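Enquirer: okay, here's the prediction I keep looking at, along with the sequence it came from:
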Amino acid sequence: MKTTKKTLAILTISAAVGLSAVLPFNALAASPFEDTAGAAQQVQAAIEALSGQHVVSGYEDNSFKPDRAVTRAEVAKMMTLALHLDQAGAGWANAFSDLSGNEWFYGYAAALHAEGVLTSSQFDGGATVTATELVALLAGALQVDAAVIRELPSFAAAGSTVTRGQAALLIYEAQQKAPIRVTKLEVLNGITLQVTFSGPIPAADLELEPASKNFVLDNGLAINNVPRLKTGAVSTYIVPVPTQKEGTKYTLTYKGKPAGSFTASTEKIALASTQQVANDLFEVESHLADGVSDYGYVIAAYSKSRPGAFIVDEGNRYNGVTYQILSSMRNRQVQITPEGGETMTANYLPFTQATDGRQAPKFILPNGATFKPGVKYTVSADWATLKTATFIAKDIAPLTIQSAAAVNNKTVNVTLAADPKDEIFVSRRVTLTGTDGKALTAEYTLTSRKGATGTFALLDNAELVPGMTYTVAPVGAWAAAAGTVKLSR
């Protein structure tokens with residue numbers, strides 16, 4: 001068997017392109033077919049599933065003819081499409097002495113040859129297929145022992161000459177054994193990819209660490225956060241990446257296998273405005289009405305919790321509007337320049353992308369800097385444009401720490417005088433100075449905020465001393481204490 005790596009020409013074209021009928025004349029793609037009602041339930045289900053994937057299609061009269069003997073040409077098409085093999089056969093040298101290269105099934109036959117599944121110099125596309133032959137073809141395509149295919153539930157029912165219905169069922173069962181592969185790779189904008197797979201990615205592989213190892217891009221690009229399944233999709237994921245470099249060609253591999261290439265998109269997210277939020281925070285805002293959708297509205301993970309969530313189609317359209325998809329802001333940066341001053345780089349404040357019910361991710365000034373009231377600031381980004389890119393800084397009082405209470409010997413709840421209504425506790429720290437003069441530092445625990453109260457964890461394995469009184473104060477200018485805040489236990 002050849003060890004040629006499986007490549008996916010289907011990446012560069014829609015999965016529905018070039019899908020002719022199983023026989024070489026115009027056929028209908030409707031499902032269910034008119035003549036499958038009498039077939040076994042499993043056969044009906046397999047035919048309908050493969051039809052939905054554009055793997056099989058019917059005859060001109062909208063029949064499938066499940067009891068007709070399947071041909072080698074038909075099996076080649078079913079296998080190539082169901083198992084997502086490379087179907088760029090038109091560009092290969094003709095390996096078959098009995099084919100001209102112009103046959104409707106030539107690309108599928110060539111795909112099986114390129115995989116090492118077919119080694120004969122003759123294809124004989126009109127010949128029928130035995131169960132033994134089909135097992136050998138599937139085992140070769142999946143690179144497994146033939147015994148694995150013979151153990152599939154429908155193998156025992158396959159006759160010496162396999163029917164179209166039996167072939168559809170056995171190939172569908174084999175498809176479930178096939179490794180997940182990328183079937184379509186799209187670049188949506190300068191920070192967002194859309195990747196479709198042959199099946200759903202296991203939940204364990206969607207954690208950030210394994211996902212970062214599985215999704216590998218070249219030329220300095222990497223995934224920015226975990227891929228997210230689109231609402232209503234079976235296996236199409238929104239994949240955030242850092243800003244792509246104009247003119248650069250990138251190649252994606254998934255679990256070490258080539259998954260396609262694309263040229264960097266220069267499309268930037270169309271943001272509406274920017275404004276100050278606190279004495280060291282500002283936000284950039286976009287609107288659904290302007291055709292920009294935070295990915296939280298269209299991914300399955302938030303479909304039930306996000307008010308106003310909706311389902312976009314493959315082209316990210318909904319109700320006649322095509323949306324730009326604003327993917328994860330994790331590790332994203334913007335530049336902010338005070339009038340007459342030097343440009344600063346501001347980092348995204350985690351978990352503020354849309355937590356206040358608006359598409360308004362927050363960014364924090366670097367190195368403890370604060371805004372100077374009355375100064376004009378201009379915001380820019382290599383991943384976005386801003387319709388209104390400036391604001392005049394105001395004198396916004398820092399947040400006020402009203403009280404603090406120990407949760408246990410390692411964590412403290414800090415309560416503000418008012419609910420900030422967003423995750424602006426993120427990256428904040430407080431000091432706790434005991435009556436013995438020793439100062440401890442605690443940092444906010446991500447997503448722990450409940451109203452005006454956030455939980456802070458002591459750093460460096462420090463612990464509170466039972467019975468000791470601590471005075472709580474903010475680290476930096478993000479907050480002020482309402483007098484002296486004593487830690488209650």
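Expert: That came in fine, so what should we check first? Numbers count the residues shown, from 1 in each chain.

Enquirer: can you pull the buried residues of the longest helix anywhere in the chain?
Expert: The residue-count maximum for a helix in the chain (DSSP state H) belongs to helix 164-177. By neighbour count with 16 or more other C-beta atoms under 10 Å, helix 164-177 contains the buried residues 164-175. In this view, the C-beta of every residue, glycine as well, is placed from N, C-alpha and C.

Enquirer: skipping adjacent residues, who's closest to residue 267 in space?
Expert: Excluding the flanking residues, the one nearest residue 267 by C-beta to C-beta, 6 or more residues apart in numbering is residue 189, at 4.2 Å.

Enquirer: just checking, the one you found touches residue 270?
Expert: No: counting by C-beta atoms under 8 Å, residue 189 sits too far from residue 270 to count as a contact (9.7 Å).

Enquirer: mutual contacts of these two, please.
Expert: By C-beta atoms under 8 Å, 6 or more residues apart in numbering, residue 189 and residue 270 have these common neighbours: residue 324.

Enquirer: who has more neighbours out of the two?
Expert: Legend: neighbour count by other C-beta atoms under 10 Å for residue 189 and residue 270, higher for residue 189 (22 against 17).

Enquirer: residues contacting that one?
Expert: Applying C-beta under 8 Å, 6+ apart to residue 189 gives the contacts 265, 267-269, 324-325.

Enquirer: again, 6 Å this time
Expert: 265, 267, 324 (C-beta atoms under 6 Å, 6 or more residues apart in numbering).

Enquirer: next: residue 426.
Expert: The contact partners of residue 426, by C-beta under 6 Å, 6+ apart, come to 349-351.

Enquirer: among the residues you listed, who's most crowded?
Expert: residue 349 (24 neighbours).

Enquirer: hmm, that residue is touching residue 360, no?
Expert: No: Residue 349 is not in contact with residue 360 according to C-beta atoms under 6 Å; the separation is 11.1 Å.

Enquirer: of all the residues in stretch 263-281, which ones are buried?
Expert: For stretch 263-281, a neighbour-count test (16+ other C-beta under 10 Å) marks 264-265, 267-281 as buried.

Enquirer: out of those residues, which are inside strands?
Expert: Of the buried residues of stretch 263-281, the ones assigned to strands by DSSP state E are 269-271, 273-276, 281.

Enquirer: mind putting those into JSON lines with distance to residue 314 and pLDDT?
Expert: What follows is these, written out as JSON lines (distance: C-beta to C-beta, whole Å; pLDDT from 0 to 100):
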{"residue": "269", "distance to residue 314": "20", "pLDDT": "97"}
{"residue": "270", "distance to residue 314": "21", "pLDDT": "97"}
{"residue": "271", "distance to residue 314": "25", "pLDDT": "97"}
{"residue": "273", "distance to residue 314": "31", "pLDDT": "97"}
{"residue": "274", "distance to residue 314": "32", "pLDDT": "98"}
{"residue": "275", "distance to residue 314": "35", "pLDDT": "97"}
{"residue": "276", "distance to residue 314": "39", "pLDDT": "97"}
{"residue": "281", "distance to residue 314": "37", "pLDDT": "95"}
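
Enquirer: most widely separated two among the residues you listed?
Expert: 270 and 281 (22.4 Å; C-beta to C-beta).

Enquirer: tally of neighbours for the closest residue in space to residue 332 that isn't next to it in sequence?
Expert: Leaving aside its chain neighbours, residue 332 sits nearest to residue 348 (4.5 Å; criterion: C-beta to C-beta, 6+ apart). Close neighbours of residue 348, defined as other C-beta under 10 Å, add up to 20.

Enquirer: residue 348 pairs with what?
Expert: residue 363 (DSSP bridges).

Enquirer: pretty sure it is touching residue 329, no?
Expert: Yes: counting by C-beta under 6 Å, residue 348 does reach residue 329; the two are 4.5 Å apart.

Enquirer: list the buried residues in stretch 230-249.
Expert: 230-231, 233, 235-244.

Enquirer: from these, which is closest to residue 149?
Expert: Nearest member of the buried residues of stretch 230-249 to residue 149, counting by C-beta to C-beta, is residue 235, at 23.3 Å.

Enquirer: list the contacts for that closest one?
Expert: 197, 199-200.

Enquirer: let's see that with 10 Å instead.
Expert: Listed by C-beta atoms under 10 Å, 6 or more residues apart in numbering, the contact partners of residue 235 are 180, 182-184, 195-201, 229.

Enquirer: how about the nearest residue to it, chain neighbours excluded?
Expert: Closest to residue 235 by C-beta to C-beta, 6+ apart is residue 197, at 4.3 Å.

Enquirer: please name the bridge partners of the one you found.
Expert: Bridge pairing for residue 197 - DSSP bridges - gives residue 182.

Enquirer: just to check, it is in contact with residue 254?
Expert: Yes: assessed by C-beta atoms under 10 Å, residue 197 is found in contact with residue 254 at 8.0 Å.

Enquirer: overlap in contacts of those two?
Expert: Common contact partners of residue 197 and residue 254 (C-beta under 10 Å, 6+ apart): 180-182.

Enquirer: quick revisit: which of the contacts of residue 426 lies closest to residue 379?
Expert: Taking the contacts of residue 426 together and measuring to residue 379 by C-beta to C-beta, the closest member is residue 349, at 14.3 Å.

Enquirer: ok, that closest one to residue 287 distance?
Expert: 20 Å (C-beta to C-beta, to the nearest Å).

Enquirer: what do you get for residue 50?
Expert: 42 Å.

Enquirer: same check on residue 259?
Expert: To residue 287, residue 259 is 34 Å away according to C-beta to C-beta.

Enquirer: tell me which of these two has more neighbours.
Expert: Taking neighbours as other C-beta under 10 Å, residue 259 and residue 287 compare with residue 259 leading, 24 against 15.

Enquirer: point me to the helix or strand that includes the more buried one.
Expert: In the assignment (DSSP states H and E), residue 259 maps to strand 257-263.

Enquirer: just list whatever residues bridge to the residue nearest to residue 267.
Expert: Beta-bridge partners, per DSSP bridges, of residue 189: residue 192.

Enquirer: any idea of the pLDDT on it?
Expert: Per-residue pLDDT puts residue 189 at 97.

Enquirer: now swap in residue 82 and tell me
Expert: pLDDT, read off for residue 82, is 88.

Enquirer: next: residue 304.
Expert: 88.

Enquirer: tell me the phi and psi of residue 321?
Expert: Per-residue torsions, residue 321: phi -110, psi 130 (degrees, to the nearest 10).

Enquirer: isn't it up against residue 313?
Expert: No: using C-beta under 10 Å, residue 321 is not in contact with residue 313; the gap is 11.1 Å.

Enquirer: now do the helices in the stretch 101-250 of the chain.
Expert: For the stretch 101-250 of the chain, the helices defined by DSSP state H, counting those that start in this stretch occupy 106-114, 131-142, 146-150, 164-177, 208-214.

Enquirer: quick one: closest of these to residue 364.
Expert: helix 208-214 (21.8 Å).

Enquirer: and residue 422, what does it touch?
Expert: Contacts here follow C-beta under 10 Å, 6+ apart; on that basis residue 422 touches 277-278, 281, 283, 349, 351-352, 354-358, 360, 362, 449.
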